[in-house]
Each structure stands twice: as C-alpha cells, then as structure tokens.
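A.B. asks: test case, fold it:
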Amino acid sequence: MAETGKDLKKTLFTNEKSGEFVRKPSTFRNSVSRSSDTEHPAERNRYHLYVSYACPWAHRTLIYRKLKGLEDVISVDAVGKFSEIGWMFSPDIPGSTPDTVNGKTYMKELYLMADNNYDGRYTVPVLWDKKKKTIVNNESAEIIRMLNTEFNGFSNKPDLDLYPEKLRNEIDGLNEWIYRDINNGVYRSGFATTQEAYDKAVREVFAALDRVEGILSQRRYLTGNTITEADVRLYTTLVRFDLVYVGHFKCNIRRIVDYPNLWGYLRDLYQTPGFGDTTNILHIKNIYQQSQLTINPQGIVAAGPDIDFTSPHGRADKFK
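C.D. replies: Residues are numbered from 1 along each chain as shown. Next up is the predicted model:
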C-alpha cells in the first residue's frame, strides 16, 4: 500500500509514456480449505494475519476476522511504518506489534522465508501458515473469501455469509467497477505522473462515487438491507477518502461528507461492530503521508480534517 524511496519502482508500475499507474498482481495465491485433504487445511490457531492498519486491502481482512468471530482462531500482527526496506514492525508505535510468530523486523524477511528467490512486492495483508512456515496468500480479495467460508467450523458466527449465492452476480458486478474506479482509482489519481493520466483517473473516481450515491439513495447497503462483501470492500476506501485521499491523492473534486447518502452510509458502517473498531485513523493519516514521499516529499502529516464518524446517520429508520 505505502511506497517510498528505492522500492517505489519495484512495488508499483507506472506507464512512462502515459503516466498511468498500473498495480502489479499479487503473487502467493494458495488457499485454506475446510477439506482435511489439502495443503492448508482450516485449523484453529494455525493461521496468522500480517496487516497494516493504514492499508485498505489489509483492513478488509481485519473486518472479516471481526465480523466472522475469528479473533480466537486467527492471530494478527500489525506493521507500524514503511521504511526504505518496506513494511516494518514497530512495536514502539501505538497500535503496532512485533512479529510474534517469526520474530522478524521487516515483511521482506517473511517473503524470503516463504521463497528465498522471491523478488516481488512485500505487501500486506499476508495470510501465514504457522505449521508450514510459509505464506498461503497475499491477495486480500481471496483471503476474505476464505475467512467467509473456510473457517466456519471454528467461527463464532458461522451462519454469517457475506457472499451469499443469490447475490453473487450482483456483488461481483459491483466489485468490478468499484475496485477499478474507486478502490484502485484513488491510487491511479495519486500516483499519476502526467496531467492527462491524473485527469482521467480522478474523473472516473467521482463518476463512480456519483453512481454509488445514486444506489445508496434507494438502499441502505449496496445490495439491499444486509451488509455484504461489496460493502466491506467499499468501506475501506471511503473511510480513508476525506482523511487522506482528498489532499494526499488530489481526489478533491468533492468529499464524502458532501454526498448525503454516501456520508450517511459511511457512518452507518463505521458504527457497526467490526468496522469502526478496526479503523485506526492515526495509522491511516501518518503512514500514507509519512511514507509516500514521491507525493509528499517532506513527510508532513496534515492536522485535519476533523471528521465525526459517530454522528447519527438515520439510515436504519430511512430504510425500514
């Protein structure tokens, strides 16, 4: 998520001719399964999440872990900052932890434990197999699907299905354009290196936000009156939008607080257990602005904005 210094060109790709930001794909794509006849069978206390509270992709997995009641099943460590070597465990920073599983200092070391020839990105989240001492998966979209179904035998909320079969086509459709134009769109705006690339990306971000505003004028959540995977994936971008994307990524045509339905929806989710209590505003503001020095060379963290995510939203009454 956060990139700086020498690792920027390695972890990100920008088309030099067009100036457009292109995200590289994740590398480790294995799966945990409910089946015992598999390389990574679902077990209590076997798996570990490495996350950053700043990173929207990692934040998805924290929300799922909480919503599915897996806190006593899957352990977590959180990096605290992004250095020249990449993500770093910084237990001196409030909310961060040491690496309690492998005792490493950098995420890079964990990637090289999993594959000593690895030469890709050292990203979070990472789903780690403690028994095999390796990375299972580092693609958040796949990790959250595993958390939704494969650990139900140990979950406190096994009946909660955030990707129900009857809504899968709708959720997949929403995910496709929301990822392209909003989740990744803010990065395409922020990391653009030409005016043309930025102009195109930022227009697409706000066209998509306008589209979501229309949906949320008719529904409490993206697919109706229940929270689904699509809401989790959108939330982690929305909650960072006014805090950092408006200023840091130049996504400043409008703010989320300027959209009546999006702003109410964001507060609705924030006030839902699993969302606000996994949102670390200090980490979000500090890590983005202190680490992405190609955008903010002095690493100065903005004082504002002052946002009250806990104010009444009224959406439960509106969509009874």
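
A.B. asks: ok, now which ones touch the closest residue to Arg188 other than its chain neighbours?
C.D. replies: Distance criterion CB to CB, 6 or more residues apart in numbering; nearest residue to Arg188, sequence neighbours excluded, is Ala201 at 3.8 Å. Yep, even glycine has a C-beta here, placed from its N, CA and C like the rest. Listed by CB atoms under 8 Å, 6 or more residues apart in numbering, the contact set of Ala201 reads 20-21, 185, 188-189, 192.

A.B. asks: which of those residues fall in helices?
C.D. replies: Among the contacts of Ala201, the members found in helices (DSSP state H) are 185, 188-189.

A.B. asks: of those, just the buried ones, PyMOL syntax please.
C.D. replies: To isolate the buried ones among the ones in helices among the contacts of Ala201 in PyMOL, judged by 16 or more other CB atoms under 10 Å, type:
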select buried, resi 185+188+189
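
A.B. asks: can you pull out the helices in the chain?
C.D. replies: 8-11, 56-67, 107-114, 140-149, 168-178, 185-190, 195-216, 229-240, 246-248, 260-270, 281-291, 315-318.

A.B. asks: out of the ones you listed, nearest to Lys131?
C.D. replies: helix 107-114 (13.3 Å; CB to CB).

A.B. asks: before we move on, back to that, which one of the contacts of Ala201 is nearest Leu282?
C.D. replies: Ser189 (23.7 Å).

A.B. asks: Met146: which of the ones in helices among the contacts of Ala201 is nearest?
C.D. replies: Nearest member of these to Met146, counting by CB to CB, is Gly185, at 26.0 Å.

A.B. asks: residues touching that closest one, list them.
C.D. replies: Counted by CB under 8 Å, 6+ apart, Gly185 has contacts 201, 204-205, 208.

A.B. asks: what's the spacing between the residue nearest to it when sequence neighbours are not counted and Ala42?
C.D. replies: Nearest residue to Gly185, sequence neighbours excluded (CB to CB, 6+ apart): Val205, at 4.2 Å. Distance, Val205 to Ala42, using CB to CB, to the nearest Å: 37 Å.

A.B. asks: circling back: out of the contacts of Ala201, who's nearest Ser36?
C.D. replies: Gly185 (41.3 Å).

A.B. asks: separation between the closest one and Glu204?
C.D. replies: 6 Å.

A.B. asks: what distance do you get for Lys166 to Cys251?
C.D. replies: Counting by CB to CB - Lys166 and Cys251 are separated by 34 Å.

A.B. asks: close enough to count as contact, the residue nearest to Gly185 and Arg254?
C.D. replies: No: Val205 is beyond contact range of Arg254, at 9.9 Å (criterion: CB atoms under 8 Å).

A.B. asks: neighbour count for those two, which is higher?
C.D. replies: Neighbour count, other CB atoms under 10 Å: between Val205 and Arg254, Val205 has more, with 25 against 17.

A.B. asks: keeping just the C-alphas, turn stretch 174-183 into CSV.
C.D. replies: Extracted C-alpha coordinates of stretch 174-183, given in CSV (Å, rounded to 0.1, in the frame of the first residue of the first chain):
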residue,chain,number,x,y,z
LEU,A,174,-20.3,-4.1,-8.0
ASN,A,175,-16.8,-5.2,-7.0
GLU,A,176,-15.6,-4.9,-10.6
TRP,A,177,-16.3,-1.3,-11.2
ILE,A,178,-15.9,-0.1,-7.6
TYR,A,179,-12.4,-1.7,-7.5
ARG,A,180,-11.4,-0.2,-10.9
ASP,A,181,-12.8,3.3,-10.4
ILE,A,182,-12.8,3.8,-6.6
ASN,A,183,-10.6,1.4,-4.6
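
A.B. asks: chain center to that stretch, what's the gap?
C.D. replies: 13 Å (CA atoms, centre = their mean, to the nearest Å).

A.B. asks: which parts of it are buried?
C.D. replies: 174-175, 177-179, 181-183.

A.B. asks: and which of the residues you listed is nearest to Met88?
C.D. replies: Nearest member of these to Met88, counting by CB to CB, is Asn183, at 24.7 Å.

A.B. asks: could you report the distance from the closest one to Thr237?
C.D. replies: 5 Å.

A.B. asks: give me the common contacts of the two.
C.D. replies: Joint contacts of Asn183 and Thr237 (CB under 8 Å, 6+ apart) are Pro56.

A.B. asks: hang on, the earlier thing: more neighbours: Lys166 and Cys251, which one.
C.D. replies: For Lys166 versus Cys251, the count of surrounding residues by other CB under 10 Å is larger for Cys251: 24 against 8.
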